[in-house]
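Enquirer: compute the structure for the input listed below.
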Amino acid sequence: MLELIVFASAGVVVVASHFKIRQYTRTKLRFVDVVQNPVAPVIAGAAAAVVAAPVVWLLPFVGAGTAILFGIGIGSGVALGAKDVKRLPGE
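Expert: Prediction:
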């Protein structure tokens, strides 16, 4: 039962981080040219995983997989947010 709760909470964190970073990329980083670079999502995801690694190391029930999934969520959010910016009408 405890494993299911940990799995669900990790999933919620990954999905929430994806949508928050996608919204942030769409609104705040709209005019930043570096976000349009194809390497930007990889760098953002790797940095997020590295930052999350010590945090999940301290928590007893989550592991490295959670940090990796968090990085993947951040990277995909940046990629899709940058794609959304390209589709928005010019202002």
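
Enquirer: just give me the neighbour total for the closest residue in space to Val14 that isn't next to it in sequence.
Expert: Nearest-residue entry for Val14: Gly73, 4.2 Å, with adjacent residues in sequence omitted and distances by C-beta to C-beta, 6 or more residues apart in numbering. (Each C-beta comes from the backbone N, C-alpha and C, glycine too.) Gly73 has 24 neighbours, counted by other C-beta atoms under 10 Å.

Enquirer: and Gly73, how far from Val13?
Expert: 8 Å (C-beta to C-beta, to the nearest Å).

Enquirer: three-state assignment of Arg30?
Expert: When classified by DSSP: H, G, I helix; E, B strand; the rest coil, Arg30 comes out as coil.

Enquirer: what about it, distance to Ala53?
Expert: 30 Å.

Enquirer: which positions in stretch 25-43 come out as buried?
Expert: Thr25, Arg26, Leu29, Val35, Ala40, Pro41 (16 or more other C-beta atoms under 10 Å).

Enquirer: what does that stretch contact?
Expert: Gly75, Ser76, Gly77, Val78, Ala79, Gly81, Ala82, Asp84, Val85, Lys86, Leu88 (C-beta atoms under 8 Å, 6 or more residues apart in numbering).

Enquirer: let's go with 10 Å and repeat that
Expert: 21, 44, 71-72, 74-88, 91 (C-beta atoms under 10 Å, 6 or more residues apart in numbering).

Enquirer: restricted to helices, list those residues.
Expert: Using DSSP state H, the members of those that fall within helices are 21, 44, 71-72, 74-87.
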